[in-house]
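Q: pasting the structure only:
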């Protein structure tokens, strides 16, 4: 009988990547979504997934949907709460939900492997002035799980997901400058040399999770797996965008204050990440040998790099 993986956030980019890949690998997939009638949920169901709902603030509902699971993949959504709660409030909300999910997972007798989306800590990497809410609260939850749920930690892998290549199809997509005869510009609150860790989320996350589950001796206990293909200066991201799209693009640096005035609390939070990335280009240095690479997992050759990702989505550029 096929093993069962429960995927939280299965209709989002990250969870969807995991759900689709594990279905392809022959696993039973129980896909957790708030809207079982939505198009994304129906698409997963058509591929063979079982749809279910649960509340990340209600441990009992999670315990119920986790029953029988051999593996659990969990991802929470900081950005969903940012507008209403602000960075600290959204971080605290995400921290609480991560621990609630973990507590429910710890009560799953059949569980062999728990994979939780986290990210590195700005404070650990560069000091208190570099705290980034959508990074640090995830890392604090990871630390709390290791401290207060040691038995679960033995079965846990923490997954760091790099900067989304799909950002270039949406909020961070270069825009055409009126009157420029086709020139595009991108305005960002950091120096163009700021280092970014980049990945194709829709393909690569699923590939990493499949490898993590297939090779537990490499990813356990409580190891950190960094999902990325490219580590490059931010300006090079847009150079590659220009090469693939065939459109001229200029990178324009602005201040964090200007970016916040343009994009509000979302701009301020992104600017805090870019400030951290500029100060700490090596995300893994705070964890040393606890960080697992694609090469160790044996999947480097099957990942899509930034250029391949953009070429596969050229119609969106």
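A: Looks like it came in fine. Note that the structure is predicted; figures quoted are calculated from it, not measured.

Q: which stretches of this structure form helices?
A: With DSSP state H applied, the chain shows helices at 13-24, 39-46, 59-65, 79-106, 122-126, 133-148, 150-153, 201-214, 216-219, 234-245, 256-279, 294-297, 306-312, listed in chain order.

Q: among those, which is nearest residue 285?
A: helix 122-126 (6.7 Å; CB to CB). (C-beta placed from N, C-alpha, C; glycine too.)

Q: List the beta-bridge partners for the residue nearest to the spatial centre of the chain.
A: Geometric centre of the chain, nearest residue: residue 161, 3.8 Å, by CA atoms, centre = their mean. Under DSSP bridges, the beta-bridge partners of residue 161 are residue 227.

Q: neighbours around residue 48, how many?
A: Neighbourhood size, residue 48 [other CB atoms under 10 Å]: 13.

Q: Now do the same contact list for it.
A: Contact analysis of residue 48 by CB atoms under 8 Å, 6 or more residues apart in numbering lists 23, 29.

Q: before we move on, what about residue 23?
A: By CB under 8 Å, 6+ apart, residue 23 lies in contact with 29, 44, 47-49.

Q: Residue 83 contacts residue 263, correct?
A: No. Contact criterion CB atoms under 8 Å: residue 83 and residue 263 do not qualify, at 11.3 Å.

Q: Neighbour count: these two, which is higher?
A: Using other CB under 10 Å, the more surrounded residue of residue 83 and residue 263 is residue 263, with 16 against 11.

Q: coming back round to it: tell me which of the contacts of residue 23 is nearest to residue 311?
A: Among the contacts of residue 23, and counting by CB to CB, the member closest to residue 311 is residue 47, at 24.9 Å.

Q: Relative to residue 49, how far out is the closest residue to the closest one other than its chain neighbours?
A: Distances taken as CB to CB, 6 or more residues apart in numbering place residue 23 nearest to residue 47, at 5.1 Å, with adjacent residues excluded. Distance of residue 23 to residue 49, given as CB to CB, to the nearest Å: 6 Å.

Q: Please identify every residue contacting each of the two.
A: residue 29.

Q: And for residue 275, nearest residue in space, chain neighbours not counted?
A: Counting by CB to CB, 6+ apart, residue 275 lies nearest to residue 130, which is 6.5 Å off, once chain neighbours are set aside.

Q: Next: residue 106.
A: Among residues not flanking residue 106 along the chain, residue 152 sits closest, at 4.2 Å (CB to CB, 6+ apart).

Q: need the contact list for the one you found.
A: The contact partners of residue 152, taken as CB under 8 Å, 6+ apart, are 102, 105-106, 114, 145.

Q: repeat for residue 270
A: By CB under 8 Å, 6+ apart, residue 270 lies in contact with 189, 259, 263.

Q: quick revisit: measure how buried the residue nearest to residue 275 is and give me the count.
A: For residue 130, the neighbour count with other CB under 10 Å is 21.

Q: Okay, it and residue 279: tell me how far apart.
A: For residue 130 relative to residue 279 (CB to CB), the value is 6 Å.

Q: Ok, residue 48 next?
A: Separation of residue 48 from residue 279 (CB to CB): 45 Å.

Q: So which bits of stretch 296-303 are buried?
A: Neighbour-count burial for stretch 296-303, counted by 16 or more other CB atoms under 10 Å, picks out 297, 299, 303.

Q: which residue packs closest to the second one, ignoring adjacent ones?
A: What that stands for is residue 299. Nearest non-adjacent residue to residue 299, counting by CB to CB, 6+ apart: residue 211, 4.7 Å away.

Q: surely the one you found meets residue 300?
A: No. Counting by CB under 8 Å, residue 211 does not reach residue 300; the two are 10.2 Å apart.

Q: on that earlier part again, please convert the contacts of residue 23 to CSV, extending it with distance to residue 178 and pLDDT.
A: As requested, the contacts of residue 23 are arranged in CSV below (distance: CB to CB, whole Å; pLDDT from 0 to 100):
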residue, distance to residue 178, pLDDT
29, 47, 98
44, 41, 95
47, 43, 96
48, 48, 96
49, 45, 97
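
Q: Just the ones of the residues you listed in strands?
A: Within the contacts of residue 23, residues falling in strands by DSSP state E are residue 29.
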